[in-house]
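Q: I'd like to go over a predicted model; first the sequence, then the structure.
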Amino acid sequence: MKFATRAIHAGQEPDPTTGAINVPIYQTSTYVQEEIGKHKGYEYSRTGNPTRTALEECLASLEGAKYGMCFGSGLGATMNVMNLLSQGDHVIVGDDVYGGTYRIFDKVLARYGIKFSWVDSRNIKNIEQAITKDTKLIWLETPTNPLLQIVDIKAITDLAKAKGLLTVVDNTFASPYLQTPLALGADIVLHSSTKYLGGHSDVVGGAVLTSHEEAYKTLKFHQNAVGSVPGPMDCYLVLRGVKTLAVRMEAHEKNAMAVVNYLRDKPAIERVIYPGLADHPEHEIAKKQMSGFGAMVTFVIKGGLSNANAFASSTKLFVLAESLGGVESLLCHPVSMTHGSIPKEIRESRGIVDGMLRLSVGIEHIDDLLEDLEQALAKVPVLTSAK
Ligand code: P1T
């Protein structure tokens, strides 16, 4: 079955007892056992819940995975994956990742004795050189947050396999509609389902998808043992969101392309970053491994923080808020918001500067979005003085 059909039906048979078309929200913590040790497959909702099972099966199908596991947040999912490691293990991480991922690695897992090397993963040589005898895992995000760099998944997973390392890809920005890392050789895919999967900014969640038997067994054990699982209502919301993922992603991307074309030649803007642009350094890799370029757009406004603020406080539809991937357009200032936990010198050395803004282009009518950008740009002093 095709993606759009699986998004609506995978894991979602009509309810056998009532015929309800939608998977019920099984709002229960526990399940009756008919006699000691005899039950219908569910014992306790940390271990398993039918609404969660439906979502896990659906997401596994969309990523082409055998197994799916859902979590209470994207970072909950990250923590679960890192439970594959032990003290002394070494991880190679792409150096442009969500600030919370940086924080959990640098401030939480480093204390447990897990070692990290941060490398520009666009150049495979950097990864090759960072491998040590303790290296167990390569962690990639692509497109990256917030610089929208593209990492060659196939090239890196080929290297990882040759060296016996696991590769994890955070596929949050692309969604499985645009990119399926397992098909390119990755072992584990991770999502913040708070974003495009949920799609309506009404739920926080995470997911891990894999076909790697051994990793799955460990991850499944930890899902129950550690317990950062989502509630059934949250699973329902993601499941409902996912049904429209295909049409939403098409609409998001169409709007994003129009926004990029609009912003590109504006005098107040220093540069626009979008993997769909022919002059994006990894445009060819994006074309090869993605079926579209997504709807995240990053740009740098001339004049630094004050001009970024003049713009960000003037938009009406692009509201200034953390997160992304919902139907509504959002605007983020990475330095003070999503990447605030990264020390300034590291942030700046990676190119995350004060004047940088990140758009999550929603699916409102494009005329309204462009009008909003236009009136906000008119408030930016550089533009006013240039007139
Ligand atoms: O927020 P949470 O559901 O825990 O997901 C964390 C996460 C993981 N991976 C990526 C690529 C992410 O972008 C995020 C969360 N990001 C934001 C909140 C943001 O505005 O970028």
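A: Right, received. Where do you want to start? Numbers count the residues shown, from 1 in each chain.
Q: C-alpha only now, for contacts and for neighbours.
A: Will do.
Q: P267: neighbour count?
A: Residues lying near P267 (other C-alpha atoms under 10 Å) number 16.
Q: again with K133
A: 7.
Q: which ones are touching it?
A: For K133, no contacting residues are found, by C-alpha atoms under 8 Å, 6 or more residues apart in numbering.
Q: tell me the pLDDT at A386?
A: Looking at A386, its pLDDT is 45.
Q: ugh, typo on my part, it should be G37
A: At G37, the pLDDT value in this model is 87.
Q: likewise the one 4 residues further on?
A: Reported pLDDT at G41 in the predicted model: 94.
Q: S201 and Y112, how far apart?
A: For S201, the distance to Y112 equals 33 Å [C-alpha to C-alpha, to the nearest Å].
Q: need the phi and psi values for K379.
A: Per-residue torsions, K379: phi -90, psi -10 (degrees, to the nearest 10).
Q: hmm, it is touching S314, no?
A: Yes. Using C-alpha atoms under 8 Å, K379 is in contact with S314, at 7.0 Å.
Q: can you tell me the closest non-neighbouring residue to P14?
A: I21 (4.6 Å; C-alpha to C-alpha, 6 or more residues apart in numbering).
Q: outside of stretch 171-178 itself, list whatever touches it.
A: Contacts for stretch 171-178 (C-alpha under 8 Å, 6+ apart): 3, 62-63, 141-145, 179-181, 189-193, 195-197, 245-246, 249, 290-294, 296, 325.
Q: next secondary structure after the longest helix seen in the chain?
A: Assignment by DSSP state H gives helix 245-263 as the longest helix of the chain. Counting by DSSP states H and E, the next helix or strand C-terminal to helix 245-263 is strand 269-273.
Q: can you give the distance of that next one from its chain's centre?
A: Remark: strand 269-273 is offset 23 Å from the chain centroid, using C-alpha atoms, centre = their mean, to the nearest Å.
Q: per-residue pLDDT of the closest residue to the ligand within the stretch 201-350 of the chain, please?
A: Using C-alpha to the nearest ligand atom, the closest approach of the stretch 201-350 of the chain to the ligand is made by S323 at 3.1 Å. What the model reports for S323 is a pLDDT of 98.
Q: who does M356 bridge with?
A: Counting by DSSP bridges, M356 forms beta bridges with V300.
Q: roughly how far does it sit from the ligand?
A: Noted for M356: a distance of 14 Å to the ligand, by C-alpha to the nearest ligand atom, to the nearest Å.
Q: my read: that residue touches P334, true?
A: Yes. Using C-alpha under 8 Å as the test, M356 is close enough to P334 to be in contact (7.0 Å).
Q: these two touch, right, the residue of the stretch 201-350 of the chain closest to the ligand and S192?
A: No. At 9.9 Å, S323 does not count as touching S192 under the criterion of C-alpha under 8 Å.
Q: how about the closest residue to the ligand within the stretch 51-200 of the chain, what does it touch?
A: Nearest residue of the stretch 51-200 of the chain to the ligand: G74, at 3.4 Å (C-alpha to the nearest ligand atom). Residues in contact with G74, defined by C-alpha under 8 Å, 6+ apart, are L190, H191, S192, S193, T194, V204, G205, G206, A207.
Q: how many residues are close by the fifth one?
A: Read it as T194. For T194, the count of nearby residues is 27 (other C-alpha under 10 Å).
Q: confirm it sits in a strand?
A: No. T194 sits outside any strand when classified using DSSP: H, G, I helix; E, B strand; the rest coil, being coil.
Q: helix, strand, or coil at the closest residue to it other than its chain neighbours?
A: Spatial nearest neighbour of T194, excluding adjacent residues (C-alpha to C-alpha, 6+ apart): V204 at 4.4 Å. Secondary structure assignment for V204 (three-state DSSP): coil.
Q: try L190
A: Relying on three-state DSSP, one would call L190 strand.
Q: list the contacts of it.
A: G74, A77, T78, V168, V169, D170, N171, T172, G206, A207, V208, L209.
Q: buried subset of those?
A: The neighbour-count criterion (16 or more other C-alpha atoms under 10 Å) marks G74, A77, T78, V168, V169, D170, N171, T172, G206, A207, V208, L209 among the contacts of L190 as buried.
Q: save those as JSON lines, and put in secondary structure too.
A: Formatted as JSON lines, the buried ones among the contacts of L190 follow (three-state DSSP):
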{"residue": "G74", "secondary structure": "helix"}
{"residue": "A77", "secondary structure": "helix"}
{"residue": "T78", "secondary structure": "helix"}
{"residue": "V168", "secondary structure": "strand"}
{"residue": "V169", "secondary structure": "strand"}
{"residue": "D170", "secondary structure": "strand"}
{"residue": "N171", "secondary structure": "coil"}
{"residue": "T172", "secondary structure": "coil"}
{"residue": "G206", "secondary structure": "strand"}
{"residue": "A207", "secondary structure": "strand"}
{"residue": "V208", "secondary structure": "strand"}
{"residue": "L209", "secondary structure": "strand"}
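Q: need the contact partners of stretch 256-263.
A: I269, V272, Y274, G276, G294, A295, M296, V297, V361, I366, L369, L370.
Q: that's a strand at the last one, yeah?
A: No. Read with three-state DSSP, L370 is helix and lies in no strand.
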